[in-house]
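Visitor: fold the following for me, if possible:
(chains A, B and C)
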Amino acid sequence: MIVLQDITKTFNEGADNEYTAIHGVDLKIDADRVTVLRGPSGSGKTTLLTLIGGLARPSSGRIHVNGREVTSLPERFLTHMRREVFGFVFQSFNLIHGLSVLENVMIPAYPLGGPGRELNARAVELLETLRIAHKAGTEVQYLSGGEAQRVAIARALINDPPILVADEPTANLDTALSLEFLDIVRELRGRGKTVVMTSHDPMIWQADLVDAVVAMRDGRIVDSGVDPGGEGTA
Amino acid sequence: MAMSDTIGKAGAAGVLFALGVAGVAWTALDVRLRADEAAIRQGERARLARVLELTDLALFTEARYTRHVSQSDLHSAFQDHPMSLDHFPSGSLIGARRIHPGAGSIIGEQP
Amino acid sequence: MTVWLRRQKRLIDYTVASLLRRAARNFALLAVYTLIVFVLATVMLFTHALRQEAMVLLDGAPEITVQRISMGRHDLIPASYVDAIADIRGARDVRGRLWGYFYDTANGANYTLMVPDGDRYGAAPDVGETVAGAGVARSRGVVPGKYLFLLSPRAKLFKLKLKDVLDADSEIVTTDLVLMAESDFRAFFDVAPDVHTDIVLKVRNPREVAKVAEKISNALPDCRVVTRGDILRTYDSVFNWREGILLALLGGAIFAFVIFAWEKASGLSAEERREIGILKAVGWETSDVIKMKMWEGAVVSLGAFLTGYVLAYIHVFYFSAGLLEPVLKGWAVLYPRFELTPQVDGVQVATLLFFTVAPYIAATLVPIWRAAITDPDAVMR
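Guide: Coordinates of the predicted model:
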């Protein structure tokens, strides 16, 4: 479970262009559930996601992940969290061009120094699960949007993190591919993963597998725990 | 075990690195292997240089002061004027003749 | 330990993969870098070996040479000076030498014409004969038994029978020599019988060389004295790094390194920064990024060093530094063919290693502080 208490995020603090993206947000995200942060662009949902995922620190407030207060942890521990607790799928996928699909998937595991064969096998298995194994040797810049996303998901899962964080996962996908993505999320949920994502795509937050939708506007939560699908409650 | 890992890119880099180190080791070995024969030939050269009373290497035959660096007077590098540039390329390769201080070797050169 | 090793292996994997991404650019970089190491190592190995060669070969040079200086130039030295020097205590085997330069209009080469000391050199040519250096015989296409024709400065044609060619292995000291009998030499240059080119002598007690040299200077104030020590010192400092082309080479190399460093330091492009952001976002520590960059520097610079150095060794000791020949030859027509005795000085190699590898790795690490301050959330923006 992730608990956010009175979270504020201000950029360029003290400068002329100071601007507050998140205003005193309180939020609970249940484990083993799919939570969607929805809202128009500029609503602060992506910023909130970076705070949840430990990519940035809030200006004030506290975040607890699985009962542990993480906002005051040193950078080293945040790195560990990013590596072992969270898996990230970025809106623009952020694959490293010039490297193969397989290499991209293995990158988060490199600093762990596990046995090479095992890592290789795990990566291939993930790619097979995501039906992209046939592209393992392809350099990522030659992939289509849907393929790139599946590679990004494989990379996010390589260290088997309990929480998957996705930013606008369907922004670059057509309807068919968006449905495929939802299938993947359903499978992950079935395997007991917590999924947190942002989206302004109704197809996502109206999907029946979504457990909670948090609506945001202007850096504030305007509606939390909406349950459109009726399947479980927040 | 690291050894059981597939060779991979790091392995390939390691092999190339080992080759390079082996190359450097080979140069050291080559010096030793060729030393004896080279010493004999060098000894023969030295003998000839001694009996002919040679004072310089015949590396630069283009000008007096480069052919006999040790025998040239200090000013011949400048030919006519101390500020004039070297005309011969090898003149820019070699250092000025070193004067042995204290032996009076520059006496007689003063104007 | 194995985890540490495997981690480094992974980081090198990543580094190599990332270098291979811009393969053409990085290979060009490696090639230029290798070339710089190659040039520096060639010059280093060549000059070191040449200095050693000079030290060995010229160790038998006359202990003292006396030249007469007139109006700032060499002048012929009167035979009476021989007696004057012989009177000085400690001097022995005082002998007037005859040698001089000759410009051969037939092929544009300069020769050193010389009269050898028959007592020391057994194969000295008789009147009408000559023994020539291999370079002379080669450039004039003469073989023993045939004649070498030389047009004297007084436009008189001299016909000398080539008795023998000096051992080709000694070309580095003998390539341009034309040995001849004294009477031929004097007739050729029209030198009076009572003068010599210079005077050489030995010193009974080697520790008294400086003393004897001083006495000669005092007794013959118009003469300059060159000791064997002077000769060796001259060659010990030949190819001084501060001179002409060596400075240019060194300057070029330093300049190239500066460009490298600048390229590296400022080379943290938006793309690279994005990449570092991604790595940090997916769980790489800053120290992992730094290690990866260090490996990158090590792979490139050690690769360039090892390749450049080994190639330079082969170039100098198997191909007689052939690529330097045009530079060393200058305007000269005669250039000795020689094989240097292989010499490797560990300290020099270590110095070269340090000065070629260290700056590059340092330059690679310079932009790392920027990596350290790259926020992982940058990739989300």
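Visitor: biggest helix in the chain by residues?
Guide: Assuming you mean chain A. helix A:175-190 (DSSP state H).
Visitor: you answered for a different chain; I wanted chain B.
Guide: From DSSP H, the single longest helix across chain B is helix B:8-51.
Visitor: check which helices and strands that helix sits against.
Guide: Packing contacts for helix B:8-51, counted by 3 or more Cβ pairs under 8 Å, 6 or more residues apart in numbering or on different chains; DSSP states H and E, involve helix C:2-21, helix C:23-57, helix C:171-174, helix C:286-318. The way it works is simple: take the backbone N, C-alpha and C, and place the C-beta from them, glycine included.
Visitor: switch the cut-off to 10 Å
Guide: helix A:116-129, helix C:2-21, helix C:23-57, helix C:171-174, helix C:286-318, helix C:346-365 (3 or more Cβ pairs under 10 Å, 6 or more residues apart in numbering or on different chains; DSSP states H and E).
Visitor: same list (those helices) but as CSV, adding mean neighbour count and mean pLDDT.
Guide: Shown next, in CSV, are the helices and strands packed on helix B:8-51 (neighbours: other Cβ atoms under 10 Å in any protein chain shown; pLDDT from 0 to 100):
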stretch, mean neighbour count, mean pLDDT
helix A:116-129, 17, 92
helix C:2-21, 19, 88
helix C:23-57, 18, 88
helix C:171-174, 25, 93
helix C:286-318, 21, 91
helix C:346-365, 16, 83
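Visitor: which one of the residues in chain A is closest to chain C?
Guide: A:R83 (2.6 Å; Cβ to the nearest Cβ).
Visitor: and the residue nearest to the spatial centre of chain A, how far from C:Y360?
Guide: In chain A, the centroid-proximal residue (Cα atoms, centre = their mean) is A:V165; its distance is 1.3 Å. Plainly put, A:V165 is 39 Å away from C:Y360 if you go by Cβ to Cβ, to the nearest Å.
Visitor: now do the buried residues in stretch C:192-204.
Guide: Residues C:195-203 are the ones in stretch C:192-204 that count as buried (16 or more other Cβ atoms under 10 Å in any protein chain shown).
Visitor: what about that stretch, distance to the chain center?
Guide: 31 Å (Cα atoms, centre = their mean, to the nearest Å).
Visitor: first-to-last residue distance for that stretch?
Guide: End-to-end distance for stretch C:192-204: 31 Å, by Cα to Cα, to the nearest Å.
Visitor: if we can go back for a sec, and the residue nearest to the centre of chain A, helix, strand or coil?
Guide: strand (DSSP: H, G, I helix; E, B strand; the rest coil).
Visitor: would you confirm that it contacts A:Q91?
Guide: No. Using Cβ atoms under 10 Å, A:V165 makes no contact with A:Q91, being 11.4 Å away.
Visitor: overlap in contacts, these two.
Guide: Common neighbours of A:V165 and A:Q91, counting by Cβ atoms under 10 Å, 6 or more residues apart in numbering or on different chains, are A:49, A:198.
Visitor: so what's the nearest residue to the residue nearest to the centre of chain A once chain neighbours are set aside up against?
Guide: In space, and not counting its chain neighbours, A:V165 is closest to A:G53: 4.4 Å by Cβ to Cβ, 6 or more residues apart in numbering or on different chains. A:G53 sits next to A:2, A:65, A:78, A:81-82, A:85-88, A:163-167, A:196, C:281, C:376-377, C:380 when contact means Cβ under 10 Å, 6+ apart.
Visitor: rerun at 8 Å
Guide: A:82, A:86, A:88, A:165, A:196 (Cβ atoms under 8 Å, 6 or more residues apart in numbering or on different chains).
Visitor: what about the last one, neighbour count?
Guide: By other Cβ atoms under 10 Å in any protein chain shown, 23 other residues sit near A:V196.
Visitor: ok, now the third one?
Guide: Residues within reach of A:F88, counting by other Cβ under 10 Å, total 29.
Visitor: which SS class is it?
Guide: strand.
Visitor: same question for the last one.
Guide: Secondary structure state of A:V196, per three-state DSSP, is strand.
Visitor: wouldn't it be in contact with A:V165 here?
Guide: Yes. Between A:V196 and A:V165 there is a contact under Cβ atoms under 8 Å: 5.2 Å.
Visitor: C:I69 - that's part of a strand, no?
Guide: Yes. Counting by three-state DSSP, C:I69 is found in a strand.
Visitor: can you verify my assumption that it contacts C:R224?
Guide: Yes. If you go by Cβ under 8 Å, C:I69 and C:R224 touch, sitting 5.2 Å apart.
Visitor: how about the residues of chain A by chain B?
Guide: Where chain A comes near chain B, counting by Cβ under 8 Å from any Cβ of the partner chain, the residues are A:115-117, A:120.
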